[in-house]
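Engineer: Give me coordinates for this.
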Amino acid sequence: MNNEQRRVLVTGASSGIGFSTAKLFLERGCKVYCVGRSEEKLNKALESFRHLPGKAISLPGDVSEVSECQRIIQMVEEVGDVLDVLVNAAGIWRDGPSDTMSEEIWDEVMDINAKGTFFMCRFAIPLLEACEGAIVNVSSDSGLIGNKEAAIYCASKGAVTLMTKALAVELAERGIRVNAVCPGDVETPMLDKAFLQSEFDDRKAYEASLLANYPQGNSARFTQPEEVAEAIMFLSSNKVKAITGACLSIDFGLTSGY
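Structural biologist: As a prediction, this is how the structure comes out:
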């Protein structure tokens, strides 16, 4: 199918990896349903997409609510579309010592990162099956290894990683491929929020503490959201139909030493 005919839905499209992913699909001429919690932020994103060859459609919605996941997919159905690609990029970061964490923090992180991802997949299955589509979930290095003072976030992304594998096995007979990307530290607004939640007062010291774990030494840098978007584009391509159930690390080898 030509890019001009591909129908894509991206959650978390107003910033970070979701924004860069929606932008890349639009640059390739796709029709992209852009989902985000904040209608204001989503409108700003779509304004920046105006010059791109693809067609961007705003779908404000909160994936932490099951009813909202269903409504988002129903809105795609109502205009007579199916989906070639579903990208679950909506996510939230919370960290801190586990003995300071609350039920509210647990619910917030799990509802967006894990529950939202599952129910977007669940309701999109018929639309993806109609054209042997692909799902790409955004997990994390924290979905592969444990990170200090990030137990809840790790639990949510670990759920996404294994959910991806389970769905890949379940949906293979229905022609749907399911893969995930597992980025390390990505230079997005989520990294800004992580700094504000950290014990560091100095941003450079905070970044140095993260980059110290990378095998590149003095040349270490953070992954750019555009690099993750390129991997998502690759995994969604019909040219790699043999790839399903993969959880692709995008972390400069950060998790390879564990």
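
Engineer: and the residue nearest to N213 when sequence neighbours are not counted, helix, strand or coil?
Structural biologist: Excluding the flanking residues, the one nearest N213 by Cβ to Cβ, 6 or more residues apart in numbering is L254, at 6.1 Å. Backbone N, C-alpha and C define where each C-beta goes, glycine included. Under DSSP: H, G, I helix; E, B strand; the rest coil, L254 falls in the coil class.

Engineer: Tell me which stretches of this protein form strands.
Structural biologist: All strands of the chain, identified by DSSP state E, fall at 7-11, 31-36, 55-60, 85-88, 134-138, 177-183, 247-250.

Engineer: Could I get the average pLDDT for the last one?
Structural biologist: When pLDDT is averaged along strand 247-250, the result is 98.

Engineer: please renumber so the chain begins at 852
Structural biologist: Shifting the count to begin at 852 puts that one at strand 1098-1101.

Engineer: what's that strand in contact with?
Structural biologist: Outside strand 1098-1101, the residues that touch it by Cβ atoms under 8 Å, 6 or more residues apart in numbering are 990, 992, 994-995, 1012, 1015-1016, 1030-1035, 1074, 1078-1079, 1082, 1086, 1106-1107.

Engineer: try 6 Å this time
Structural biologist: T1012, A1031, V1032, C1033, P1034, T1074, V1079, A1082, T1106 (Cβ atoms under 6 Å, 6 or more residues apart in numbering).

Engineer: what bridges to the second one?
Structural biologist: Beta bridges link A1031 to N988, C1098 when assigned by DSSP bridges.

Engineer: Thought T1015 was touching it, still the case?
Structural biologist: Yes - the pair A1031 / T1015 is scored as a contact, 4.1 Å apart, by Cβ atoms under 6 Å.

Engineer: Overlap of the contact sets of the two?
Structural biologist: N988.

Engineer: Comparing those two, which shows the higher neighbour count?
Structural biologist: Set A1031 next to T1015 and count neighbours by other Cβ atoms under 10 Å: A1031 wins out with 30 against 26.

Engineer: now the more buried one: how far from S918?
Structural biologist: According to Cβ to Cβ, to the nearest Å, A1031 stands 25 Å off from S918.

Engineer: quick one, the helix ranked longest in the chain and strand 1028-1034 angle?
Structural biologist: When the chain is parsed with DSSP state H, its longest helix is helix 1002-1022. Helix 1002-1022 and strand 1028-1034 are oriented at 160 degrees to each other (axes from the mean of the first three to the mean of the last three Cα atoms, to 10 degrees).

Engineer: How many neighbouring residues does A981 have?
Structural biologist: Burial of A981 is recorded as 14 neighbouring residues (other Cβ under 10 Å).

Engineer: My guess is it contacts V933. True?
Structural biologist: Yes - applying Cβ under 6 Å, one finds A981 in contact with V933, separated by 4.1 Å.

Engineer: residue boundaries of the helices in the stretch 852-1001 of the chain?
Structural biologist: Counting by DSSP state H, counting those that start in this stretch, one finds helices in the stretch 852-1001 of the chain at the ranges 867-878, 890-899, 917-929, 954-961, 967-980.

Engineer: most packed of those helices?
Structural biologist: Across the helices of the stretch 852-1001 of the chain, averaging neighbours per residue (mean count of other Cβ atoms under 10 Å) puts helix 867-878 on top, at a mean of 26.

Engineer: Other residues contacting it?
Structural biologist: In contact with helix 867-878 (Cβ under 6 Å, 6+ apart) are residues 859, 861, 863-864, 883, 885, 896, 900, 903, 905, 907, 938, 940, 989, 1039-1041, 1076-1077, 1079-1080, 1083-1084.
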